[in-house]
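Peer 1: What follows is a predicted structure for the sequence shown.
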Amino acid sequence: MNTIKKVLFAYIFIFVSFLFSQEPAKYTIDFVIDPLEPLGYVDIATLKFIYPYNNKESTLDVSIKDAKGLLCKIEKINKIGKREIEIFFVPTTSRTYTAYINEKESTTVQLDESFNKGVMLIDDFIPIKSNKAGHWQWDNSYKISGSLSFTGKKEGTSFNRITFPSSNKIEKNDKLVCYTCFLEEKHPKEILVELITTPRGKSYFFSWGEDLINIGKQKKYNMGNLPEKNRWTKLEIPLTDINEKTLLGIAFYNFEGKIWWDRVSINDVPMETRIVKLKEADKKIKAYFDYNLSSPLRYSNNTFEIIKIDATASYGVESFNISLNGQNYKENSVEVPIRQNSNRKVTLTVEKEGLTDTMEYIIPKKRAVPKNINIVTKVLPYHPFIKEGQPFTIVLSVRNLNDETLPVRVSKEGFEKTVYLMPEELKHIYIDFLEYTQGETIKVETDVCGFKLSEKLFHIGSVMSNNLTLDGPFIKDKDSNFIIIPSSVKKEKAGLINKDFYNITVAGAYPKGTPEMLKSLLEVKGIGADIHQIGKPQYGRNHRLFSEYLHIITELNSNNKGDILLFFPYIESMKSKTPILEWETYIETIISVAQKQFPIVVVATPFPSPPFPELYQPYMNTIQEISIRKGIPILDVYKIFSDSNHRKLFMPTEGLYSNLPNKEGSHLFISEFINILLNLGML
């Protein structure tokens with residue numbers, strides 16, 4: 001108890017002494033620790049800022065207090081270039097802090113000259129061009145840092161191994177830091193971390209828990225018992241016994257159970273902070289901005305960096321003007337490309353009630369070799385058939401194959417969305433097409449800070465097009481445009497004809513001999529007919545529904561107009577269980593084409609093919625709805641053959657069923673088709 005009182009008294013004494021000894025600060029900086037940073041687990045944080053004025057050779061006197069007024073220990077103060085300052089300090093349990101800064105003529109105090117800023121190895125992503133092995137799964141349900149952790153199998157013995165694209169320097173006084181978590185009900189019996197070094201490619205193994213993972217004759221360093229269950233635990237591996245100077249790779253193993261890993265680094269990496277407000281003593285307003293600069297990037301013949309300027313920390317202002325390379329921006333933050341050889345001077349001017357203040361800074365160049373922008377943009381498979389005027393949605397997948405987070409914008413007329421993609425991250429962008437016209441081509445662009453990376457064209461195509469092709473899961477035209485095909489919603493009036501000779505087209509999936517039998521039965525009634533056939537497509541490995549559509553549309557468009565079309569829906573797309581809504585718009589699209597060429601269109605329901613006739617019933621119901629909506633006659637073969645006694649009509653040989661009825665069955669539905677024509681007054 002006496003010890004506690006002494007410690008408490010010491011804190012009070014330091015705090016009171018600080019209050020009485022501290023002179024008013026020239027600059028006061030309010031800042032916060034980023035909410036994605038693991039406060040309570042990492043013992044170091046960093047405050048980075050641009051010193052507000054040029055040519056200040058004075059050194060700095062800095063103190064930092066948390067939201068409760070507790071002083072924080074400052075580990076080190078770095079000066080980067082002429083004006084950028086980086087302060088490393090020990091945080092408390094608070095995320096909110098204030099820094100007080102004065103200028104001194106004495107030397108800046110470096111409280112810990114041996115302090116080393118850590119190097120992050122894995123946090124939310126791994127470096128591009130790394131080699132991975134094992135069971136890598138990224139997970140956002142359990143995490144301590146950033147947005148994701150990584151794990152292995154759902155449960156059981158697992159491992160994650162990575163070899164970095166380049167080695168990382170290490171010293172004997174360094175340590176490998178990582179965080180791990182596992183649950184009580186799925187805890188492993190042993191966890192193991194392997195460090196792979198160069199130049200000899202030697203591995204070092206560090207183990208917690210039982211000795212169960214077999215690593216052959218190599219030495220295994222026993223690090224003690226397993227960490228505590230149901231919470232994140234910091235593991236530290238001293239590199240004292242490692243003789244090599246570089247770390248090439250790292251692997252994580254667990255024997256049984258389920259485990260998560262996060263925030264892997266050489267030494268502790270400071271938590272990042274964000275400045276909320278910067279004030280200057282005796283000034284009512286203060287101009288201040290931070291910036292973030294990407295590595296040098298190359299696209300086509302352009303070499304540039306992406307700079308994000310944020311002036312929201314300015315104090316007491318109403319309006320902003322950010323000037324960069326001859327351009328003025330009235331917002332409090334901008335994100336733009338900046339060419340390496342361009343004028344890199346940023347001028348921020350702020351104003352309130354006639355008062356103005358200005359901050360200027362020349363953004364330093366990065367010496368890294370420029371890397372080509374590599375963003376992969378793909379259109380995900382979609383259903384090309386829609387009802388005329390109906391909105392539709394296209395999904396674009398965008399993946400970043402660069403080493404750092406990039407702002408990727410996807411846009412079309414009336415739509416714009418920017419996503420920030422981490423290295424190797426993939427996101428899906430949903431693009432709604434609400435208004436369009438027949439024949440219109442809609443352009444969807446992908447860009448990074450105005451540099452166009454890709455262009456996808458979507459053509460609202462005429463159903464009469466003869467230039468359509470299959471490209472994997474897409475229908476495209478001769479110009480490689482993605483095709484959207486609207487079907488007419490108008491209810492066409494059937495043209496009544498009464499004559500003694502007809503041009504009839506029979507299309508779709510119908511029994512062999514159907515055209516000949518139809519012609520024969522019409523001749524019995526004194527009617528002549530020229531019967532044209534459109535049979536089945538060659539599917540190959542193509543999309544069933546799209547293959548059927550292209551086949552019948554090509555055939556219809558390549559022949560002269562006729563008098564009557566009898567359309568039997570193809571069976572393959574139904575057997576592959578095409579979703580009903582997709583199948584419905586596909587059928588309506590075919591009927592829309594047919595109604596422009598034939599006065600009479602008769603559509604048949606699917607045959608109730610045994611042994612599972614119920615498979616076709618949803619499609620039969622859809623055909624009935626379409627016939628009412630489109631005002632066309634229906635040949636209900638499902639009803640004709642639904643009697644179980646008719647099942648034998650689908651059995652060409654004993655014990656085997658066919659999808660289509662035999663000759664006797666064909667006579668039944670052809671007779672019904674002729675009755676439909678009689679009822680229409682055509683015969």
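Peer 2: Structure's in. What do you need?
Peer 1: Now for the residue nearest the centre of the chain, which secondary structure element holds it?
Peer 2: Taking Cα atoms, centre = their mean as the criterion, Lys427 is the residue nearest the geometric centre of the chain, at 0.7 Å. Using DSSP states H and E, Lys427 sits within strand 426-433.
Peer 1: Now do that strand: which elements does it pack against?
Peer 2: Judged by 3 or more Cβ pairs under 8 Å, 6 or more residues apart in numbering; DSSP states H and E, strand 426-433 is in contact with strand 392-400, strand 406-412, strand 415-421. Backbone N, C-alpha and C define where each C-beta goes, glycine included.
Peer 1: Next, find the distance separating the residue nearest to the centre of the chain from Thr93.
Peer 2: Separation of Lys427 from Thr93 (Cβ to Cβ, to the nearest Å): 34 Å.
Peer 1: now swap in Pro579 and tell me
Peer 2: 53 Å.
Peer 1: With Leu421 instead?
Peer 2: Counting by Cβ to Cβ, the gap from Leu421 to Thr93 is 33 Å.
Peer 1: And the two? Which one has more around it.
Peer 2: Higher neighbour count among Leu421 and Thr93: Leu421, with 21 against 10, using other Cβ atoms under 10 Å.
Peer 1: Can you name the residues that contact the more buried one?
Peer 2: Neighbouring residues of Leu421 by Cβ atoms under 8 Å, 6 or more residues apart in numbering: 375, 398-400, 405-406, 408, 427.
Peer 1: which residue packs closest to it, ignoring adjacent ones?
Peer 2: Nearest non-adjacent residue to Leu421, counting by Cβ to Cβ, 6 or more residues apart in numbering: Asn400, 3.6 Å away.
Peer 1: Touching, that neighbour and Val419? I think so.
Peer 2: No - judged on Cβ atoms under 8 Å, Asn400 makes no contact with Val419 at a distance of 9.3 Å.
Peer 1: so what sits against both of the two?
Peer 2: Common neighbours of Asn400 and Val419, counting by Cβ under 8 Å, 6+ apart, are Val408.
Peer 1: So which of the two has more stuff around it?
Peer 2: A count of neighbours by other Cβ under 10 Å puts Asn400 above the other of Asn400 and Val419, at 25 against 15.
Peer 1: Quick one: residues contacting that one.
Peer 2: 374-375, 406, 408, 421-426.
Peer 1: Helices along the protein, start to end?
Peer 2: Listed in chain order, the helices found in the chain under DSSP state H are 2-21, 514-524, 544-557, 572-575, 580-595, 617-630, 637-640, 663-679.
Peer 1: Using a markdown table, please lay out these together with mean neighbour count, distance to Leu36 and mean pLDDT.
Peer 2: Formatted as a markdown table, these follow (neighbours: other Cβ atoms under 10 Å; distance: least, Cβ to Cβ, whole Å; pLDDT from 0 to 100):
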| stretch | mean neighbour count | distance to Leu36 | mean pLDDT |
| --- | --- | --- | --- |
| helix 2-21 | 10 | 30 | 45 |
| helix 514-524 | 16 | 67 | 93 |
| helix 544-557 | 20 | 44 | 89 |
| helix 572-575 | 19 | 47 | 91 |
| helix 580-595 | 21 | 41 | 91 |
| helix 617-630 | 17 | 48 | 93 |
| helix 637-640 | 20 | 59 | 90 |
| helix 663-679 | 17 | 67 | 90 |
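Peer 1: In a markdown table, list those helices along with distance to Tyr291.
Peer 2: Listed next are the helices of the chain as a markdown table, based on distance: least, Cβ to Cβ, whole Å:
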| stretch | distance to Tyr291 |
| --- | --- |
| helix 2-21 | 32 |
| helix 514-524 | 75 |
| helix 544-557 | 50 |
| helix 572-575 | 56 |
| helix 580-595 | 49 |
| helix 617-630 | 59 |
| helix 637-640 | 69 |
| helix 663-679 | 76 |
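Peer 1: quick one, which of the ones you listed is nearest to Gln438?
Peer 2: For Gln438, the closest of the helices of the chain is helix 580-595, at 11.5 Å, according to Cβ to Cβ.
Peer 1: That closest one versus helix 544-557: what angle between them?
Peer 2: Put simply, helix 580-595 runs at 10 degrees to helix 544-557, going by axes from the mean of the first three to the mean of the last three Cα atoms, to 10 degrees.
Peer 1: Specify the beta-bridge partners of Ala529.
Peer 2: In this structure, Ala529 bridges to Tyr502 when assessed by DSSP bridges.
Peer 1: Let me know the pLDDT of it.
Peer 2: With respect to pLDDT, Ala529 has a value of 91.
Peer 1: I'd guessed it sits against Tyr502; true?
Peer 2: Yes - with contacts counted by Cβ under 8 Å, Ala529 reaches Tyr502, the gap being 5.0 Å.
Peer 1: got any residues that touch both of those two?
Peer 2: Leu522.
Peer 1: longest strand of this structure?
Peer 2: Determined from DSSP state E, the single longest strand within the chain is strand 158-169.
Peer 1: mind checking how far that one is from the chain centre?
Peer 2: Distance of strand 158-169 from its chain centroid, counting by Cα atoms, centre = their mean, to the nearest Å, is 25 Å.
Peer 1: what's that strand in contact with?
Peer 2: Counting by Cβ under 8 Å, 6+ apart, 119, 121-122, 126-136, 150-152, 194, 196, 198, 245-254, 259, 261, 266 sit against strand 158-169.
Peer 1: same check, this time on stretch 472-489
Peer 2: Identification of contacts with stretch 472-489 by Cβ under 8 Å, 6+ apart yields 379, 381, 384-390, 392, 394, 433, 436, 438, 441, 456-461, 463, 465, 467-471, 543, 546, 549-550, 585, 588-589, 591-592, 595.
Peer 1: For PyMOL, what selects the buried ones among these?
Peer 2: A single PyMOL command is used to select the members of the contacts of stretch 472-489 judged buried by 16 or more other Cβ atoms under 10 Å:
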select buried, resi 379+384+385+386+387+392+394+433+436+456+458+459+460+461+463+465+468+470+543+546+549+550+585+588+589+591+592+595
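Peer 1: List the contacts of the spatially closest residue to Pro296 that is not a sequence neighbour.
Peer 2: Nearest residue to Pro296 in three dimensions, chain neighbours excluded: Pro370, at 3.9 Å (Cβ to Cβ, 6+ apart). Residues counted as contacts of Pro370 (Cβ under 8 Å, 6+ apart) are 295-298, 303.
Peer 1: let's see it at 7 Å
Peer 2: 296-298, 303 (Cβ atoms under 7 Å, 6 or more residues apart in numbering).
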